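my questions concern the predicted model and sequence given below.
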Amino acid sequence: MAKLLPLSLCFCFLLVSSSAFSFRQQSDEENVCQFQRLTAQTPDNRIDSEGGFIETWNPNSQEFQCAGAALSRCTLRRNALRRPYYSNAPQQIFVQQGSGYFGLIFPGCPGTIEERIQGSQSQREMEKESHQKVHRFKEGDLIAVPHGVAFWMYNDKDTDVVTICFMQTESRHNQLDNFPRKFNLAGKQEQEFLQYQHQQQSQQFSPRDHHEGEGGNIFSGFTPDFLAHAFQVEDRQIVQNLRGENERQEQGAIVTVRGGDLRILSPAEREQFDEDEQRGMDNGIEETLCTARVSKNLQGMTSGEFSFNPQAGILTNVNDLDLPILNWLGLSAEYGKLYRNAMIVPHYNLNANSIIHALKGRAHVQVVDCSGNRVFDEELEEGHVLVLPQNFAVATKSQSENFEYVAFKTNSRPSIGNLAGENSFMSNLPEEVVANSYELPREKAKQLKNNNPFKFLVPPQDQSESEMMIKTVA
Amino acid sequence: MAKLLPLSLCFCFLLVSSSAFSFRQQSDEENVCQFQRLTAQTPDNRIDSEGGFIETWNPNSQEFQCAGAALSRCTLRRNALRRPYYSNAPQQIFVQQGSGYFGLIFPGCPGTIEERIQGSQSQREMEKESHQKVHRFKEGDLIAVPHGVAFWMYNDKDTDVVTICFMQTESRHNQLDNFPRKFNLAGKQEQEFLQYQHQQQSQQFSPRDHHEGEGGNIFSGFTPDFLAHAFQVEDRQIVQNLRGENERQEQGAIVTVRGGDLRILSPAEREQFDEDEQRGMDNGIEETLCTARVSKNLQGMTSGEFSFNPQAGILTNVNDLDLPILNWLGLSAEYGKLYRNAMIVPHYNLNANSIIHALKGRAHVQVVDCSGNRVFDEELEEGHVLVLPQNFAVATKSQSENFEYVAFKTNSRPSIGNLAGENSFMSNLPEEVVANSYELPREKAKQLKNNNPFKFLVPPQDQSESEMMIKTVA
Amino acid sequence: MAKLLPLSLCFCFLLVSSSAFSFRQQSDEENVCQFQRLTAQTPDNRIDSEGGFIETWNPNSQEFQCAGAALSRCTLRRNALRRPYYSNAPQQIFVQQGSGYFGLIFPGCPGTIEERIQGSQSQREMEKESHQKVHRFKEGDLIAVPHGVAFWMYNDKDTDVVTICFMQTESRHNQLDNFPRKFNLAGKQEQEFLQYQHQQQSQQFSPRDHHEGEGGNIFSGFTPDFLAHAFQVEDRQIVQNLRGENERQEQGAIVTVRGGDLRILSPAEREQFDEDEQRGMDNGIEETLCTARVSKNLQGMTSGEFSFNPQAGILTNVNDLDLPILNWLGLSAEYGKLYRNAMIVPHYNLNANSIIHALKGRAHVQVVDCSGNRVFDEELEEGHVLVLPQNFAVATKSQSENFEYVAFKTNSRPSIGNLAGENSFMSNLPEEVVANSYELPREKAKQLKNNNPFKFLVPPQDQSESEMMIKTVA
């Protein structure tokens, strides 16, 4: 619709002013990445549910259109269950806060049979149940959800769970158009991005469409007789609930579990579970998609760390080496923590767009396009999102004690080109080329090439100046 | 920008003229898969030729635009030869009826020398001729034709040959725009989809274009001196016929072989040929593209069978495991036969669009989009085509003794997500998640999860109800 | 078609109103390859720099839009340095004339430490410097430059260096829109294609934009304090020059090296260097991207030769077998030399668009589209460029002593389908199919199939006729 609004406005404008024609070139798909300014984005909609709420960023903004991506944030209160859904595009879900359980249903993969002790203390009975693996998540985890794979999650703790969900619609895996779609598998609520489509189409809906298409989950769309046949059930309530007919208005995508606790696993099993999770998964052998690891922690000081400076901060990432399923999805993520006045040197993403979500604190960010224009020069605050297009140069300076962010990247093995510091573009250019490209005398070219001994993260200037001066003089 | 100028001007016109014209947002490429209704498609054009006819579905319909595909149906009468052509996109050709010979000309691959006994019984003479492999086809075969590879086929039997030709224009192999193009290599006829382009451009053609561009085969476009030089021939007739100049109006893409029989192979060779075809091809070794297997039968009860129920029907498919060349093309196909009142459970294609061509009988089909809206709820009849977008849920119930279809899929290893039955989404979800997602008591959640013991194909309800009830009670 | 309704109406309007507005149907992305005529393209802009100039072809022309490509030609005078830049799309640079040095800066790859004798004869001193590999180039070389990899080049000889730079914007590696972008890393000049964007946007720029965004290199866009911090330099001149602030107007993208010579390597090293370049590179082992070979000569009679006829000419190519890095880029190139009146037979590119740049002489070229229309029938002269879309048929006849061209192809393993001559479509078709497809008697079908014994290159007709006649008679 974003595309059509300007057109419509444009027509009006033409008629009213008889003008020399003003034209919004951004709406033209071919030029969707020609920015005059980048804007930090905040969610522009919130959908409340019984057990929490979902905030969405407008996927029709030029920034998200350029990146071919969509973003939402999901908050689950205690005992809340995000009911299952699947999407037409690969997703990465980052756990900003909290912990709990989640599950993926891979079509074609077998369930595993589990024996469980069920019921209350007094009435214990053994039960066998078959279902696909249940996983545990905690703060800092990155969860990879392939297109078409159903996902659900549950908060079993008191702290609210906050997740940021990145979806790449411009992916070879998405054979539909670039509109973000979540296919809910339970409930009566509309999928969270549908409003942006309604916005576009509001003038086209016929009354008949409105009448018939009240929305709901996938099963809502099938007739009761089809569902009764398909599930071989005769109970009317089952079919009605499947279709979301008995829903209370406020339930939505996130429901509160009645009775207080989702008894997915017994306490003893949970213990075992946590051990397995930590031990068994680290052998790195991924036999098939059915047994593939689907999550990894981004904040731990593990193999994913690619830059650390005790005076500046830390950067970690999860790519397809750490989490092989990302190779299939074509996605990866980066996490950064930057101390006050420390800097991430000017650099660019070689092969990816990067969607940066500020988690804590604030930082001064500058972004430069191919014309040398500064298209962003603002503070990025907690909760704000900056879409950084491929090859655009960016530099960041923390303005608070700790600036933290997560960046979703549209490549499973993203590559960064540093423009300054150790092993950067400048340090790898022959000195003569530096001198002549920047018209500098030899000695100054040497400074430009070699003065910054830091890789990626530069400590606050006050602290580092002394070191630097020593180095320069020596 | 260029794109918007005409639109804007157009809008002015509309406003000025107070036209009732409703702006069709579907035409916006970005939203090409936002359907309010899916429509079963029938061919809207037929081009008659001497030896048969070609029917085409409108590739500009929203359904085909969304799928990035084009479809045509070709009928060859006895002794008819579909003259060679190549396409800018990979094709799958399904043989709905009849049998005969076909050939592919892979550029760069050598011809094989064949010794043949030529002429009539009285004047037998040995002749050596070099050409690329000739293949035999029969009903139910799926033939894979790569982009740029010339294809011809011949009906040597009395039964009409009917083939359905699927072309995926939105393929990484097609570097042109998404318009379907067949490059004819003989004759004077226009390529079968050109009319849809003419439709688009009818008001733009200048008289000069009409005069010069009367259409024809590839060789029609070269000047006679170029062709004489290139083929090293001096005979004027050869060059004229190459250019399609001596054609009778009615000949078209399919000609009738004069003298009654295309003597490609001697009867003895044919026998040998058929044996080779069956035996030699099954070793599964595909050394190069030049010797790659290019066809496989979809209807046989072979390895391709993925679901069978004696009371419901059978489903088979051919993917890149069965026919490795499909991996390169990124395509595959599925064949289904469904008995009266039997059902294919609600399911979705994870990673492919599916173009379903009803071959026999009729079925009640329901399709649901991401908003839970039923976008299709009709009978699909013989000869009708339903484009099923990726991730949309579908369920099918046969309304006739046998409902048969072929579905072309835009992925060489298509994956299906069943929503009900054995090893489905529902059966793989933990019971507690089922209960809480659908707000069902434990016992009913169990029914929803486990009641249907069938995988994919469900027998008619009357028959199965007794079984089901027993199971439920037990 | 839905898309075209408004367009058509618009057309009426235009006609009715006698508007001077010229309708650019090409701008419709979906039909961007529906040509009524192909036009030979010449550069339509030239940007002069201190040390040379850059000419650009209009990337908004329908031909380049269809191919998803952009082209520029760069001329470096003696001692000229093309300052470093990177691009958002993979490039192939062909050296039409001259020789010199070039370098690529692969992000993440280490520099190699080099010891060099520096200074004048009297004041020799050993210096250690680390930088990435410097390469030598000469006439006929094809240089592969990946997206995001910085590139510079230097002319150390008296002859002007002329390079043709091909960039494929419609590449999976480019995640921005299809507009060609070069990110300059030094100087104050705008990137060479920006004017075409300005052209589009001229009515949108606000004064504020003009004021702030005067263009320049990537570093121009960062504030001085950011740069001082990032490079750990305090010298004001360094930061100013980095930002391109002290530039003389005329300097531009190509500067003249002061003092007359870029002392990248000592004379002794140069000797060694040249040997290494020739020897070490031929072992074919490419361990990582960091040590990958990035150039290969197209004009030498090496393995790349795929067709040679002493009476007609020679064709060579460089694909991913010769230069493995091309596999990653998805590009390759072909070089041809054709003697007077010799012919390249009608053929088509199976899997690539081909951008043909005439280097010397002139040739008569005919191109035919899928409708059999001759969409090009002109002389192609030195300096002209013809965009040949995938699957369109082409034939070329040299009109001068030597017609030379380079063709950039959008596939790393391009495949050609010959329509005439040895091992062509026609020679690989069964004789009976030839006879019946072209309605020719057996004997004439044989001629069409077998008369031309040459593969790809056909000698001038006078010379070859005798040979041919002998063959035909025999």
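Looks like it came in fine. Numbering: from 1, shown residues only, chains lettered A, B, ... in the order given.

name the helices or strands packed onto the strand or helix carrying residue A:64?
Assessed by DSSP states H and E, residue A:64 sits inside helix A:62-67. Applying 3 or more C-beta pairs under 8 Å, 6 or more residues apart in numbering or on different chains; DSSP states H and E, one finds that helix A:62-67 contacts strand A:385-388. Any C-beta I mention is one placed from the backbone N, CA and C, and that applies to glycine too.

contact partners of the helix holding residue A:64?
Under the criterion C-beta atoms under 8 Å, 6 or more residues apart in numbering or on different chains, residues A:2, A:26, A:29, A:32-33, A:35, A:38-39, A:41, A:57-59, A:70-71, A:170, A:178, A:353, A:355, A:387, A:389, A:410, C:175-177 lie in contact with helix A:62-67.

so where is chain A shaky, pLDDT-wise?
A:1-30, A:113-127, A:198-214, A:260, A:264-287, A:301-305, A:462-474 (pLDDT under 70).

can you show me the helices along it?
Counting by DSSP state H, the segments of chain A that form helices are A:4-17, A:62-67, A:194-201, A:207-212, A:224-231, A:236-242, A:267-279, A:325-329, A:425-428, A:431-437, A:442-450, A:461-473.

report the buried residues of the shortest one.
Within helix A:425-428, the residues that qualify as buried by neighbour count (16 or more other C-beta atoms under 10 Å in any protein chain shown) are A:425-428.

any idea how chain A splits into domains?
Taking automatic domain parsing as the reference, chain A has its domains at A:1-31, A:35-291, A:298-473.

could I get stretch A:60-71 in CSV with only the CA atoms?
Extracted C-alpha coordinates of stretch A:60-71, given in CSV (Å, rounded to 0.1, in the frame of the first residue of the first chain):
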residue,chain,number,x,y,z
ASN,A,60,6.0,-1.0,4.3
SER,A,61,8.6,1.6,5.4
GLN,A,62,11.3,2.2,2.8
GLU,A,63,13.9,0.9,5.1
PHE,A,64,12.3,-2.5,5.6
GLN,A,65,11.3,-2.6,2.0
CYS,A,66,14.9,-2.2,1.0
ALA,A,67,16.1,-4.9,3.4
GLY,A,68,13.2,-7.2,2.4
ALA,A,69,12.6,-7.8,6.0
ALA,A,70,9.9,-7.5,8.7
LEU,A,71,10.3,-7.2,12.5
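
any idea how many residues pack against residue A:454?
Neighbours of residue A:454 under the rule other C-beta atoms under 10 Å in any protein chain shown: 23.

tell me the contacts of it?
Residue A:454 is in contact with A:309, A:312, A:345, A:421-422, A:464, C:232, counting by C-beta under 8 Å, 6+ apart.

columns distance to residue C:331 and neighbour count on top of those, output as a markdown table?
Below are those laid out as a markdown table (distance: C-beta to C-beta, whole Å; neighbours: other C-beta atoms under 10 Å in any protein chain shown):
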| residue | distance to residue C:331 | neighbour count |
| --- | --- | --- |
| A:309 | 39 | 18 |
| A:312 | 40 | 24 |
| A:345 | 31 | 26 |
| A:421 | 32 | 26 |
| A:422 | 32 | 14 |
| A:464 | 43 | 22 |
| C:232 | 39 | 25 |
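
for the residues you listed, which one is nearest chain B?
Closest approach between those and chain B, by C-beta to the nearest C-beta: residue A:345, at 36.0 Å.

isn't that closest one right next to residue A:417, touching?
No. The pair residue A:345 / residue A:417 is not scored as a contact, 10.6 Å apart, by C-beta atoms under 8 Å.

intersection of neighbour lists for the two?
Contact criterion C-beta under 8 Å, 6+ apart; residues shared by residue A:345 and residue A:417: residue A:424.

for residue A:439, see how far away the residue in the stretch 201-350 of chain A that chain C sits nearest to is.
The minimum distance from the stretch 201-350 of chain A to chain C, using C-beta to the nearest C-beta, falls at residue A:350 (3.4 Å). For residue A:350, the distance to residue A:439 equals 28 Å [C-beta to C-beta, to the nearest Å].

more crowded one of those two?
Neighbour count, other C-beta under 10 Å: between residue A:350 and residue A:439, residue A:350 has more, with 22 against 19.

count residues in the vicinity of the residue nearest to the more buried one when sequence neighbours are not counted, would you?
What sits nearest to residue A:350 in space, not counting adjacent residues and going by C-beta to C-beta, 6 or more residues apart in numbering or on different chains, is residue C:148, at 3.4 Å. Residue C:148: 26 surrounding residues under other C-beta under 10 Å.

could you pull up phi and psi at residue C:148?
Main-chain dihedrals, residue C:148, degrees, to the nearest 10: phi 80, psi 0.

and it, what does it touch?
Residues in contact with residue C:148 (C-beta under 8 Å, 6+ apart) are A:348-351, A:390-391, A:415, A:417, C:86-88, C:107.

and if you look at residue A:410?
Going by C-beta under 8 Å, 6+ apart, residue A:410 touches A:67-69, A:168, A:170, A:330-331, A:352-354, A:390, C:175.

among the contacts of residue C:148, which one sits closest to residue A:402?
In terms of C-beta to C-beta, no member of the contacts of residue C:148 lies closer to residue A:402 than residue A:349, at 23.3 Å.

surely the closest one touches residue A:391?
Yes. With contacts counted by C-beta under 8 Å, residue A:349 reaches residue A:391, the gap being 7.0 Å.

returning to that earlier point: any idea which of the domains of chain A is most buried?
Highest mean neighbour count of these: domain A:298-473, a mean of 21 (counted as mean count of other C-beta atoms under 10 Å in any protein chain shown).

can you give me the offset of it from its chain's centre?
Relative to the centre of its chain, domain A:298-473 is centred 20 Å away, using C-alpha atoms, centre = their mean, to the nearest Å.

try stretch A:75-87
Its chain's average C-alpha position is 16 Å from that of stretch A:75-87, according to C-alpha atoms, centre = their mean.

that one near chain B at all?
Yes. Judged by C-beta under 8 Å from any C-beta of the partner chain, stretch A:75-87 comes into contact with chain B at A:81, A:83-84, A:86-87.

for residue A:93, which residues are in contact?
Here residue A:93 is in contact with A:142-143, A:145, A:151, A:163-166 (criterion: C-beta under 8 Å, 6+ apart).

and of those residues, the nearest to residue B:369?
The nearest member of the contacts of residue A:93 to residue B:369, counting by C-beta to C-beta, is residue A:151 at 19.0 Å.

now do the same contact list for that closest one.
Residues near residue A:151 by C-beta under 8 Å, 6+ apart: A:82, A:84-86, A:91, A:93, A:102-105, A:145.

bridged to it, which residues?
The bridge-partner assignment for residue A:151, based on DSSP bridges, gives residue A:85, residue A:104.

tell me the residues on the stretch 101-250 of chain A that lie near chain C, please.
By C-beta under 8 Å from any C-beta, the part of the stretch 101-250 of chain A that sits against chain C consists of residue A:170.

follow-up on the earlier one: now the residue of the stretch 201-350 of chain A closest to chain C: how far from residue C:154?
In this view, residue A:350 and residue C:154 are 24 Å apart by C-beta to C-beta.

again with residue A:69
Using C-beta to C-beta, one obtains 40 Å as the distance from residue A:69 to residue C:154.

could you do residue A:134 as well?
Residue A:134 is 61 Å from residue C:154, where distance means C-beta to C-beta.
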